[in-house]
Structures are given as C-alpha cells and as structure tokens.
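Peer 1: one predicted model, sequence on top.
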Amino acid sequence: MKRILLGTLFTVASFNAMAQAPGGPNCGWGNLLFEGQRGTPAHFLASTTNGTSGNATFGMTSGTNGCDTSGALTYGGKSWIAMNGMIDELSEDMAKGQGEALTTYAVVLGVKPEDRAYFETVAHQHFTQIFNRPDVTAEDVHNNTLGVMKNDARLAKYSEQA
C-alpha cells in the first residue's frame, strides 16, 4: 500500500510540476484574451482557455497563435523530491540499496523495469558521491544522480532523458 501511495504522490507531483511558458510566453488565445493582466485569476483563466480549446497545443505544433517551441522549458518551483519531503527516505533507501523511495525515483527517472535493480545497486555504490555533503539539496541529489548515471554504460541512456 505504501508503494502505491508513494508512486501516486510522485506521479501527481510530476503532473503538477508545470513548465514555465510552454510554447513561449505569448502562446495561445488565453494569453491574447488576458494580455497585460496580472494575478492568479488572469493566469488561471488564460490557462483554462488554452487548455480547454486546445489552441495552445495546436499553436505549438503549427507555429501559430504566438507559440514557439524552440526555447528551453524552465521550472521555477521546488524539486519534486524536496516538495514531497522525500529526500530523507530516498537517502535511507539509497544507503541500503533498496526501498520504495529508491524504486519510485528510478521510475520517475524513466529507468525501465529490467534496469531498476541495477540502478539501485549503482546508486548504492555511489551513495557518498550522490549525497556528497550533509546539507545536500534535492537539486544536488538529482544532478549528482544524473552524473553517476552518465558515467555508467548501462544507465547513461536514462540520464539523457531525465
């Protein structure tokens, strides 16, 4: 049951980790309709307009409606690990080389089922490199994990997609 709850929590957090300005800062009819307005209500209405009509998606695929997908997406929120208070549990699981938080982290990173046990072993072997100081942040842990994965022939493919 705990595994299902953890998986659900991470999945919901991933869906809620919205990128800033997908398709560009001027993308969609919602942005056109509420141009110049500030605050949560205006942003919510613009987002709802774009989402319910599908015009931002159309604009991103066709290059219309003020949309441009050439720029990099950004995210200004907290890391999903920190946001869910899971860094301590992830640390414990990684130190042991197994556990629900570590498995969930592998799933979030896109590690296929056949490589998850191997990922857990590699993460365990490189624990001190990943959690390299007492005040390590979730972003540091994530970047350090990706660094370890990039240097492993079997896991490198996952580090590029994460």
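Peer 2: Great, that's in hand.

Peer 1: counting neighbours, what do you get for Gly147?
Peer 2: Around Gly147 there are 13 other residues, counting by other C-beta atoms under 10 Å. Every C-beta, even on glycine, is put in place using the N, C-alpha and C of the backbone.

Peer 1: can you give me the distance of it to Glu120?
Peer 2: The gap separating Gly147 from Glu120 is 17 Å, by C-beta to C-beta, to the nearest Å.

Peer 1: and if you look at Phe131?
Peer 2: In this view, Phe131 and Glu120 are 15 Å apart by C-beta to C-beta.

Peer 1: and Thr128, what pLDDT?
Peer 2: On the pLDDT scale, Thr128 is placed at 96.

Peer 1: can you confirm Asn50 is in a helix?
Peer 2: Yes. Assigned with DSSP: H, G, I helix; E, B strand; the rest coil, Asn50 falls within a helix.

Peer 1: enumerate every residue touching Phe119.
Peer 2: With contact set as C-beta atoms under 8 Å, 6 or more residues apart in numbering, Phe119 has these partners: Ala106, Leu109, Val111, Met149, Leu155, Tyr158.

Peer 1: now rank those residues by neighbours and give me the top one.
Peer 2: Neighbour max across these (other C-beta under 10 Å) = Val111, 24 neighbours.

Peer 1: sec struct for that residue, please.
Peer 2: Three-state assignment for Val111 (three-state DSSP): coil.

Peer 1: pull the contacting residues for it.
Peer 2: Neighbouring residues of Val111 by C-beta under 8 Å, 6+ apart: Phe119, Leu155, Tyr158.

Peer 1: which residues does the second one contact?
Peer 2: Going back to what we said before, that points to Leu155. By C-beta under 8 Å, 6+ apart, Leu155 lies in contact with Val111, Asp115, Tyr118, Phe119, Val122, Val148, Met149.

Peer 1: give the next helix or strand downstream of the lowest-mean-pLDDT helix or strand in the chain.
Peer 2: Ranked by mean pLDDT, DSSP states H and E, the weakest helix or strand in the chain is helix 2-16, scoring a mean of 46. Using DSSP states H and E, the next helix or strand after helix 2-16 towards the C-terminus is helix 29-33.

Peer 1: Gly30 touches Phe44, doesn't it?
Peer 2: No. Contact criterion C-beta atoms under 8 Å: Gly30 and Phe44 do not qualify, at 9.5 Å.

Peer 1: looking at the two, which is more packed in?
Peer 2: Taking neighbours as other C-beta under 10 Å, Gly30 and Phe44 compare with Gly30 leading, 23 against 12.
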